[in-house]
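**Q** just coords:
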């Protein structure tokens, strides 16, 4: 038994249910995002560590990969079309979303929520604030594990994730990044199978 | 013959080839965008006249209409999920794009352009500057007439528009807006059938 290897393994970090976390990632490191309970969407953003105005962009990434959904080998790019994150492993069925905006107070109000409801947009702000950072916008997120099927007629639906507990995706940083995760608090449409949970990540 | 009606008809305004224009639109007015020569993409943005930070958002609109492409009766929304533009008429085959970022200097450099190349991103800035307005970002545009087919496997392609000369789409403003059009200068991939041209619009 090689206890040293065990001791050196990077920690599995918590993304608390309904909350956000931000972390710094060096170019060349990989970020593994684990769907601990299997049915949790994790909204994901990335910002250049050198310039917060450069961020992961779904609309530029779709033009770069010419796909609606990233798969192993695909490199997602920034709003300046620079490589940011490459999918290096995916043990899920590969269903993720690049189409849908982060949930926000307006979304929950329209769905009929009364008073405060946690949201991925607020989680992004709060997570970045922990690092002393503010951004003036909410880029369209990479919604890991989110299941938004596109039908032949171009119509979309919100469905429960198809991933299973412990399945994960790993993304390699192509520049020094600040990465932000939000365990989506959506409990009014079935994107988290109506039951938001924790998820985890690991930077190695 | 009712010459008075003719005299009162609103002017058809030019969107010069490779350039952008901005105009103010009152709530309830309709904006007709004419594909004068048939194969020209018109990148389109809208901003609230009351608060420039509120803008037409493709990622929020997809969540609202649950479609990849807007059709007559669909209302596109802002980044605060407020109604901004409703499609009221479309004489084209209905092929428009909500997926792809505006072209920019980075795109043309990656395609192999040397030196300056006009871009929709620069056209947005220049058109707003004519009204004394600056925005810190380039929202993902509504690319009128742009033909980006989505195949069954989720892959995308850049193809020539399928609209014909003189066909148009009309959008009703659901709030007081600043609308911006760019006659896309892309001549390195076939989104404008390799030949950027003028287009026109009319506010009534």
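**A** Yes, it's here. From a predicted model like this one, the values you see are computed outputs, not experimental measurements.

**Q** so what touches the lengthiest helix in chain A?
**A** In terms of residue count, the longest helix belonging to chain A (DSSP state H) is helix A:120-130. With Cβ atoms under 8 Å, 6 or more residues apart in numbering or on different chains as the test, helix A:120-130 has contacts from A:18-22, A:43, A:45, A:102-105, A:134-135, A:138, A:141, A:178, A:180-185. Yep, even glycine has a C-beta here, placed from its N, CA and C like the rest.

**Q** from those, which are also near chain B?
**A** A:104, A:138 (Cβ under 8 Å from any Cβ of the partner chain).

**Q** any weak-confidence spans in chain A?
**A** A:1-8 (pLDDT under 70).

**Q** C-terminal to the longest helix of chain A, what's the next element?
**A** Using DSSP states H and E, the next helix or strand after helix A:120-130 towards the C-terminus is strand A:142-144.

**Q** and that next one, what does it pack against?
**A** With contacts taken as 3 or more Cβ pairs under 8 Å, 6 or more residues apart in numbering or on different chains; DSSP states H and E, strand A:142-144 sits against strand A:42-48.

**Q** nearest residue to the spatially most central residue of chain A in space, please, no chain neighbours.
**A** Geometric centre of chain A, nearest residue: residue A:44, 2.3 Å, by Cα atoms, centre = their mean. Distances taken as Cβ to Cβ, 6 or more residues apart in numbering or on different chains put residue A:142 closest to residue A:44, at 4.5 Å, once the chain neighbours are dropped.

**Q** the strands in chain A, which residues?
**A** Counting by DSSP state E, chain A has strands at residues A:13-15, A:20-25, A:30-35, A:42-48, A:75-77, A:83-90, A:142-144, A:167-173, A:177-183, A:199-203.

**Q** show me what from chain A comes close to chain B.
**A** Within chain A, the residues that sit near chain B (Cβ under 8 Å from any Cβ) are A:53, A:57-60, A:62-63, A:66-69, A:79-82, A:99-101, A:104, A:106-107, A:110, A:136-138, A:140, A:150, A:152, A:154-157.

**Q** write the ChimeraX selection for whichever of those residues are buried.
**A** ChimeraX command restricting the residues of chain A next to chain B to the buried ones, with burial defined by 16 or more other Cβ atoms under 10 Å in any protein chain shown:
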select /A:57,58,59,60,62,63,66,67,68,69,79,80,81,99,100,101,104,106,107,138,140,150,156
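
**Q** so which of the residues of chain A next to chain B belong to helices?
**A** Short answer: those in helices (DSSP H) are A:58, A:59, A:60, A:62, A:63, A:106, A:107, A:110.

**Q** tell me the spacing between the closest residue to the fourth one other than its chain neighbours and residue A:103.
**A** In space, not counting the residues next to it along the chain, residue A:62 is nearest to residue B:99; the distance is 5.2 Å by Cβ to Cβ, 6+ apart. Counting by Cβ to Cβ, to the nearest Å, the gap from residue B:99 to residue A:103 is 20 Å.

**Q** now do residue A:86
**A** 27 Å.

**Q** next: residue A:83.
**A** 28 Å.

**Q** also residue A:192?
**A** From residue A:192 to residue A:103 the distance is 10 Å (Cβ to Cβ).

**Q** looking at the two, which is more packed in?
**A** residue A:103 (28 against 24; other Cβ atoms under 10 Å in any protein chain shown).

**Q** that one contacts residue A:187, correct?
**A** No - using Cβ atoms under 8 Å, residue A:103 is not in contact with residue A:187, being 10.2 Å away.

**Q** which residues does the closest residue to residue A:85 other than its chain neighbours form a beta bridge with?
**A** Spatial nearest neighbour of residue A:85, chain neighbours left out: residue A:171 (4.4 Å); criterion: Cβ to Cβ, 6+ apart. Beta bridges link residue A:171 to residue A:31, residue A:87, judged by DSSP bridges.

**Q** same thing with residue A:181?
**A** The partner residues for residue A:181, given DSSP bridges, come to residue A:21, residue A:44.

**Q** distance of it relative to residue A:201?
**A** Residue A:181 is 6 Å from residue A:201, by Cβ to Cβ.

**Q** tell me, how many neighbours does the residue nearest to residue A:44 end up with?
**A** For residue A:142, using other Cβ under 10 Å, the count is 26.

**Q** and what of residue A:73?
**A** 9.

**Q** show the contacting residues for the residue nearest to residue A:44.
**A** A:43, A:44, A:45, A:56, A:58, A:70, A:76, A:85, A:96, A:97, A:98 are the contacts of residue A:142 under Cβ under 8 Å, 6+ apart.

**Q** and for residue A:192?
**A** Contacts of residue A:192 by Cβ under 8 Å, 6+ apart are A:39, A:40, A:41, A:160, A:161, A:184, A:186.

**Q** and if you look at residue A:45?
**A** Residues near residue A:45 by Cβ under 8 Å, 6+ apart: A:55, A:56, A:124, A:139, A:141, A:142, A:179, A:180.

**Q** ok, and the closest non-adjacent residue to it?
**A** Going by Cβ to Cβ, 6+ apart, residue A:45 has residue A:180 as its nearest residue, at 4.5 Å.

**Q** ok, that neighbour - how many residues close by?
**A** Neighbours around residue A:180, by other Cβ under 10 Å: 29.

**Q** can you check residue A:204 too?
**A** What residue A:204 shows, counting by other Cβ under 10 Å, is a neighbour count of 11.

**Q** repeat that for residue A:134.
**A** Neighbours of residue A:134 using other Cβ under 10 Å come to 9.

**Q** quick one: it from chain B, how far?
**A** According to Cβ to the nearest Cβ, to the nearest Å, residue A:134 and chain B sit 13 Å apart.

**Q** residues contacting that residue?
**A** Residue A:134 touches A:125, A:128, counting by Cβ under 8 Å, 6+ apart.

**Q** change it to 7 Å
**A** Listed by Cβ atoms under 7 Å, 6 or more residues apart in numbering or on different chains, the contact set of residue A:134 reads residue A:128.

**Q** now it: phi and psi?
**A** Main-chain dihedrals, residue A:134, degrees, to the nearest 10: phi -130, psi 140.

**Q** now do it against residue A:126, distance only.
**A** The gap separating residue A:134 from residue A:126 is 11 Å, by Cβ to Cβ.

**Q** hang on, the earlier thing: same list (the contacts of residue A:192) but as TSV, adding neighbour count.
**A** Converted to TSV, these look like this (neighbours: other Cβ atoms under 10 Å in any protein chain shown):
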residue	neighbour count
A:39	21
A:40	27
A:41	32
A:160	18
A:161	27
A:184	28
A:186	24
